[in-house]
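Enquirer: build me a model from this:
(chains A and B)
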Amino acid sequence: MSKITLDNLSHSYLDKQNSDADWALRDINLDWQDGGAYALLGPSGCGKTTLLNIISGLLNPTKGKVLFDDKDVTSQTPVERNIAQIFQFPVIYDTMTVYKNLAFPLKNRGMIDSEIDSRVKEIAEMLELTKTLNNRASGLTADGKQKISLGRGLARSNVNVIMFDEPLTVIDPHLKWVLRSKLKELHQKINKTMIYVTHDQTEALTFANQVVVMHEGQLVQTGTPVELFEKPKHTFVGHFIGSPGMNILPCQIQSSTPVIDGVKISTNSQINKSNFSKTEIGIRPEFVSFSKEGIPVKVLKVSNTGRHKIIDTECKSGKIKVLSHPSKDIPSGSAFLSFNKKYTYTYGDSWIIE
Amino acid sequence: MNKTINQKAWLFVIPVFILVAFNAVVPLMTVVNYAFQETFGNNVFTWEGTRWFKQILRSDRFHSALGRQFLFTGVILFIQVPLGIAIALTMPKKGIGVSVCLVLMSMPLLIPWNVVGAMWNIIALPEIGLLGHTLNDLGFDYNFTQQTGDAWFTTILMDVWHWTSLVVLLSYAGLRSIQPAYYQAAEIDGANRWAVFRHIELPKMKKVLTIAILLRFMDSFMIYTEPFVLTGGGPGNATAFLSIDLVKMALGQFDLGPAAAMSLIYFFIVLLVCWVFYNLMMRNETQG
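Expert: So this is what the prediction gives:
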């Protein structure tokens, strides 16, 4: 077990890099504490898997260092780093039984048979695979197979970190929930650092204590699910997390106060400079409400999801979504909206102004 | 739901029926016809029952041709399959090298079979051929037209040269379809190169290898043109494989009855071996 530090990490799959777009990862600095449950969240193609493969040692970074417990491991192989990785689709050794699959990494490391046996049985017990131990691994269902891949990682008692690369992609929806709680439970039991890569915010937010959001090869925010929800540091985070995502509206700054459609908005940001190329207001639909005065809008559409109503409205500067209780009456035609100041932020060039 | 019954659809199948009838059923039935009868020409036939079959199955000539055939097929499979896999494993996985290797590998497959025979005949000529002359210069007493061992050596070498590519191409296709995650997982599990081959590559190649072995078995078991041009079945009957022996009997001696019986036996052997092999290979597939 160890602390993981990423020091100024950059990676490119090209030999020559001319612009920012040629980098799959840019200037990543990150500390992962020992024993934490982390999620790496971002849309497809943002560099999550690249980052994971660099941590596991399958890929050598173009620049920067990877440290385990402050020890530089950048040039070490995955075996030397002693990590476990679970892939998007289950990787199993088809011709072997479940037992042999679990024993395989231990055998490769020269462990004696009696030790292997007790270890495999222990892991099988933990993952509820005991009954199928002597079956051929290829005959199992997708979730069973994914448990085997996980088991091969857990079988080694001293792994530094367990990494999951969108491990539930091929699992049936009703089993996803079960497996995810299983993982969470496992994390509490074995207390190892776990990194979980996903593009699904629900998976990330339910699994992890700390979520790292990535966007176009960069880290945009690290925080607890609540922090990401209440105070997104970048408009991308606001937009990506939450359903529906944050309302982002272009605004003007007039004497340190943001203005939308001529209406002054009080926000939680202290605006000290004004030389941004673009400024925006971010407010989550949860914190917008109808009132007697505020921003004049037209109500376009009301959708009732059962749990809440989602109201699409439009002001001159753009569309604003409002989330309200299903029993509440919604005005039709023209209305006014007000924002809860505590959760309203101003963004300069997409980054939060605090 | 009510299905409307419309028998007119059968009309669309008629062209295929006619095609299959003329290129398979009619010729095959002609052979069956000859296999049970004796004819002296003029379209006069006498019924002989299973006499030709008994005669063939008891003849030493058939036994030895069959033995040679199994030996030849066995040897070339034993060489071509491992060699083909080995070459596929060493082929480049990306870049310009891929196309170069694929084109080079396909070349032997594109050469007409009688040309292959003629080519190797010339190459192997002991007096002037590149291979034959070199071997004799190196002190080997090599003459494929007179010595059984040399004739076999040359025939096998020719077949390996001609057909290993097929195994290579199929194996390569199988290897390329393996997801990188398998290799990454194996790397993390600390598997050595042999374990990666044994537990990932070989199982993943199982299906293409089954096809490769089936194709190579059938083709080599029915081989005719190349050895016919190279050795003509000689010296003596040393390389007279089943099909060469069959043609000798049918066209050389004009023993149509026994030749027809032999054709059918030959056909059933190929069918039987393929069926048994395929079922053995696929036995576990249905469970997975």
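Enquirer: distance from the longest strand belonging to chain A to the middle of the chain?
Expert: Counting by DSSP state E, the longest strand found in chain A is strand A:295-304. Relative to its chain's centre, strand A:295-304 lies at 31 Å (CA atoms, centre = their mean, to the nearest Å).
Enquirer: what strands line up against that strand, and which way round?
Expert: Here strand A:295-304 is paired, per DSSP bridges, with strand A:309-315 (antiparallel), strand A:334-339 (antiparallel).
Enquirer: so for the helix or strand just after the longest one, what gets flagged as buried?
Expert: Note on strand A:309-315: by DSSP states H and E, the next helix or strand toward the C-terminus is strand A:318-324. Of the residues in strand A:318-324, those buried by neighbour count under the rule 16 or more other CB atoms under 10 Å in any protein chain shown are A:320, A:321, A:322, A:323, A:324. Heads up, the C-betas are built off the backbone N, CA and C, glycines and all.
Enquirer: what of stretch A:166-173?
Expert: For stretch A:166-173, burial by neighbour count (16+ other CB under 10 Å) applies to A:166, A:167, A:168, A:169, A:171.
Enquirer: got the CA coordinates for that stretch in PDB?
Expert: Extracted in PDB, the C-alpha atoms of stretch A:166-173 (Å, rounded to 0.1, in the frame of the first residue of the first chain):
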ATOM      1  CA  GLU A 166     -14.700   1.300 -16.600                       C
ATOM      2  CA  PRO A 167     -15.200  -2.100 -15.200                       C
ATOM      3  CA  LEU A 168     -19.000  -2.200 -15.500                       C
ATOM      4  CA  THR A 169     -19.400  -1.400 -19.200                       C
ATOM      5  CA  VAL A 170     -20.400  -4.900 -20.200                       C
ATOM      6  CA  ILE A 171     -22.400  -5.700 -17.000                       C
ATOM      7  CA  ASP A 172     -26.200  -5.800 -17.100                       C
ATOM      8  CA  PRO A 173     -27.800  -2.700 -15.600                       C
END
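Enquirer: that one vs chain B: in contact?
Expert: No: Stretch A:166-173 lies apart from chain B when judged by CB under 8 Å from any CB of the partner chain; the minimum separation is 11.2 Å.
Enquirer: what's the average pLDDT for that stretch?
Expert: The pLDDT scores in stretch A:166-173 average 83.
Enquirer: so how many other residues sit close to residue B:206?
Expert: For residue B:206, the tally of surrounding residues (other CB atoms under 10 Å in any protein chain shown) stands at 16.
Enquirer: does anything pack onto the helix or strand that contains residue B:226? Which helices or strands?
Expert: Using DSSP H and E, residue B:226 sits in helix B:225-230. The elements that helix B:225-230 packs onto, with contact taken as 3 or more CB pairs under 8 Å, 6 or more residues apart in numbering or on different chains; DSSP states H and E, are helix B:113-124, helix B:148-176, helix B:242-247.
Enquirer: can you put those in CSV and add mean neighbour count and distance to residue A:21?
Expert: Shown next, in CSV, are the helices and strands packed on helix B:225-230 (neighbours: other CB atoms under 10 Å in any protein chain shown; distance: least, CB to CB, whole Å):
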stretch, mean neighbour count, distance to residue A:21
helix B:113-124, 18, 53
helix B:148-176, 20, 29
helix B:242-247, 21, 63
